[in-house]
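*Asks:* Provided below are the primary sequence and the corresponding predicted coordinates.
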Amino acid sequence: MVRKKLNKKNNRKAKIIIDETTYEFPIYNSTEGEAVIDISKLHAEANIFTYDPGFTSTASCESKITYIDGDKGILRYRGYDIEELAKKSDFIEVVNLLIYGDLPNKEQLTKYKRLITRHTLLHEQIINFFQGFRRDAHPMAMMVGVMGALSSFYQDTLNINDSHQRQEATRRIIAKSATIGAMAYKYSLGQAFVSPRNNLSFSENFLYMCFSNTAENYKVSPVLAKAMDTILILHADHEQNASTSTVRLAGSSGANPFACIAAGVSSLWGPAHGGANQAALEMLEEIGSSKNIKKYIAKAKNKKDPFKLMGFGHRVYKNYDPRAKILKSICLKVLKHVGVKNDPILKLAMDLEKIALNDKYFKEKRLYPNVDFYSGIILRAIGFPPEMFTVIFAIARTAGWTAQWTEMIEDPIQKIGRPRQLYTGKRVIKYGVGRSSKNTR
Ligand code: ACO
């Protein structure tokens with residue numbers, strides 16, 4: 001097994017002394033980045049748990065998919081730098097890379113694109129699901145619900161122990177996520193759903209399904225399609241983040257892939273994760289003008305104020321997020337293309353970035369713009385309302401979620417994820433003793 005091999009090569013050990021007893025644990029070196037101490041036998045040997053809220057020091061799994069060096073601002077999928085993939089690849093090639101481990105050759109890619117596009121349609125009955133939602137429902141609510149509901153329609157791909165079914169489910173999830181996202185948008189507008197067009201690329205088709213309507217055909221601009229594709233590539237995977245860990249944890253119980261991905265969509269929705277792109281644009285609109293930046297920077301620094309600079313800071317990146325760099329340059333191209341010469345929100349974003357990057361608080365805490373800081377400005381210029389930003393993130397992340405879910409299922413030592421706790425509640429008490437006298441609940 002890889003873990004044993006890595007350990008043998010280095011033969012490093014960690015010692016933990018508890019009271020007078022020393023316990024030894026193997027250290028596994030990663031191919032790049034931090035090593036890990038294998039403490040899986042700690043409880044059996046020492047009857048004690050480790051405590052790590054937010055998993056800031058915990059590796060939950062072994063993975064070969066994505067590598068991040070947060071200090072240097074590096075992101076690689078299967079060894080390839082994100083900058084190169086954003087320039088030279090397209091989204092479906094990146095999906096194939098993430099799932100299968102290396103770049104496909106020409107025939108493999110053509111075949112894979114054909115297989116994905118075969119699944120862009122949704123079962124007609126799924127339309128009934130949409131009609132159950134209020135028109136003003138957040139499109140992420142529709143994403144969560146309809147994604148989970150796919151498991152009731154595609155029952156021939158629920159057997160997680162069958163490799164063919166796993167691959168087919170993965171292709172369905174990726175292809176249908178764009179159709180569901182576009183339908184959620186159309187539903188919120190009160191417009192008829194637009195059927196997918198399989199002669200278009202993944203990104204072109206998504207834009208087409210969102211912006212075409214029965215009265216007017218939408219001609220997909222190559223500049224906007226490239227921007228959309230780049231956004232999808234940049235959001236495709238990001239190692240063991242909250243939503244990916246949610247997908248893995250849900251999947252560890254043997255749950256079906258559609259249910260697991262729906263769990264990932266839920267986790268992504270939060271403003272500290274995928275919901276930050278919507279929150280970042282709304283924050284810029286609230287700040288309104290560069291003359292208010294100082295006031296908002298002061299709010300962000302004030303510990304008593306819950307306000308945070310959205311689109312700033314990252315658990316892993318303690319340097320400029322490489323995805324934000326790419327998006328900043330795309331943002332300028334897209335605005336030029338759609339004819340926005342002086343976008344006040346872009347100017348505000350750039351002023352805010354400059355001031356924050358030179359501020360002592362942000363410098364000391366190493367808070368840099370993350371991927372969400374510029375993506376909202378691009379998506380708004382393409383024509384999307386803020387509620388759709390996280391949906392687009394979710395469509396992109398179906399690539400990483402399915403790749404990570406597949407890796408987990410195929411891992412021979414995979415077992416159900418079951419963390420423990422530091423219990424600080426009451427000791428045993430007799431029923432009726434200590435009944436509450438407060439009436440605040
Ligand atoms: N504005 C102001 N202060 C901040 C910000 C911010 N955006 N981000 C972090 N800080 C402060 C924290 O208050 C904390 O201060 P303290 O040490 O005095 O307590 C310190 O910086 C460290 O921050 P943590 O919250 O401990 O860092 P963590 O790794 O837990 O959180 C997170 C990272 C959630 C991304 C955080 O930076 C944040 O909330 N940012 C804004 C939301 C955002 O943009 N999220 C998108 C993340 S990228 C993605 O999901 C694709």
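*Replies:* Structure received. Numbering: from 1, shown residues only.

*Asks:* From now on I want contacts and neighbour counts done on CA atoms only, so please keep to that.
*Replies:* Noted.

*Asks:* Quick one: end-to-end length of stretch 415-422, please.
*Replies:* One end of stretch 415-422 to the other measures 22 Å (Cα to Cα, to the nearest Å).

*Asks:* What lies in contact with it?
*Replies:* Stretch 415-422 is contacted from outside by 49, 51, 249, 252-253, using Cα atoms under 8 Å, 6 or more residues apart in numbering.

*Asks:* same check, this time on stretch 317-335
*Replies:* Identification of contacts with stretch 317-335 by Cα under 8 Å, 6+ apart yields 69-75, 82-83, 223-224, 227, 231, 234, 341, 343, 366-375, 377-378, 381-382.

*Asks:* Which ones among those map onto strands?
*Replies:* Among those, DSSP state E puts 69, 74-75 in strands.

*Asks:* Dump stretch 57-68 to PDB, restricted to CA.
*Replies:* Provided in PDB are the C-alpha atoms of stretch 57-68 (Å, rounded to 0.1, in the frame of the first residue of the first chain):
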ATOM      1  CA  SER A  57      -4.400  20.200  11.400                       C
ATOM      2  CA  THR A  58      -6.100  17.100  10.200                       C
ATOM      3  CA  ALA A  59      -5.700  15.200   6.900                       C
ATOM      4  CA  SER A  60      -9.000  13.300   6.400                       C
ATOM      5  CA  CYS A  61      -7.800  11.100   3.500                       C
ATOM      6  CA  GLU A  62      -5.100  10.200   1.100                       C
ATOM      7  CA  SER A  63      -5.600  11.800  -2.300                       C
ATOM      8  CA  LYS A  64      -3.900  12.100  -5.700                       C
ATOM      9  CA  ILE A  65      -6.200  14.600  -7.300                       C
ATOM     10  CA  THR A  66      -5.400  18.200  -6.300                       C
ATOM     11  CA  TYR A  67      -2.300  19.900  -4.700                       C
ATOM     12  CA  ILE A  68      -2.300  23.300  -3.100                       C
END
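
*Asks:* Quick one: mean pLDDT over it.
*Replies:* The average pLDDT for stretch 57-68 rounds to 97.

*Asks:* which residues does Ala149 contact?
*Replies:* For Ala149, the contact set (Cα under 8 Å, 6+ apart) comprises 258-259.

*Asks:* in which helix or strand would I find it?
*Replies:* Take DSSP states H and E as the rule and Ala149 turns out to sit in helix 139-153.

*Asks:* Packing partners of the helix or strand that that helix is followed by?
*Replies:* Using DSSP H and E, the helix or strand that directly follows helix 139-153 along the chain is helix 163-189. On a contact count with 3 or more Cα pairs under 8 Å, 6 or more residues apart in numbering; DSSP states H and E, helix 163-189 meets helix 106-117, helix 139-153, helix 202-211, helix 257-268, helix 389-410.

*Asks:* tell me the angle the first one makes with helix 163-189.
*Replies:* Angular relation of helix 106-117 and helix 163-189 on a 0 to 180 degree scale: 50 degrees, by axes from the mean of the first three to the mean of the last three Cα atoms, to 10 degrees.

*Asks:* for the spatially most central residue of the chain, what are its contacts?
*Replies:* What sits nearest the mean C-alpha location of the chain, by Cα atoms, centre = their mean, is Arg397, with 5.0 Å. With contacts defined as Cα under 8 Å, 6+ apart, Arg397 is in contact with 232, 235-237.

*Asks:* Now do the buried residues in the one helix or strand Ile355 maps to.
*Replies:* Per DSSP H and E, Ile355 falls inside helix 344-357. If you call a residue buried by 16 or more other Cα atoms under 10 Å, then helix 344-357 has these buried ones: 345-346, 348-353, 356-357.

*Asks:* quick one: which of those residues is nearest the ligand?
*Replies:* Closest approach to the ligand among these (Cα to the nearest ligand atom): Ala356, at 9.5 Å.

*Asks:* Find the nearest non-adjacent residue to the closest one, please.
*Replies:* In this structure, Ala356 finds its nearest non-sequential neighbour in Phe362, 6.1 Å apart by Cα to Cα, 6 or more residues apart in numbering.

*Asks:* okay, now the one you found: neighbour count?
*Replies:* Residues within reach of Phe362, counting by other Cα atoms under 10 Å, total 18.

*Asks:* gap between the residue nearest to the centre of the chain and Leu346?
*Replies:* From Arg397 to Leu346 the distance is 26 Å (Cα to Cα).

*Asks:* so for stretch 211-229, what's the average pLDDT?
*Replies:* 94.
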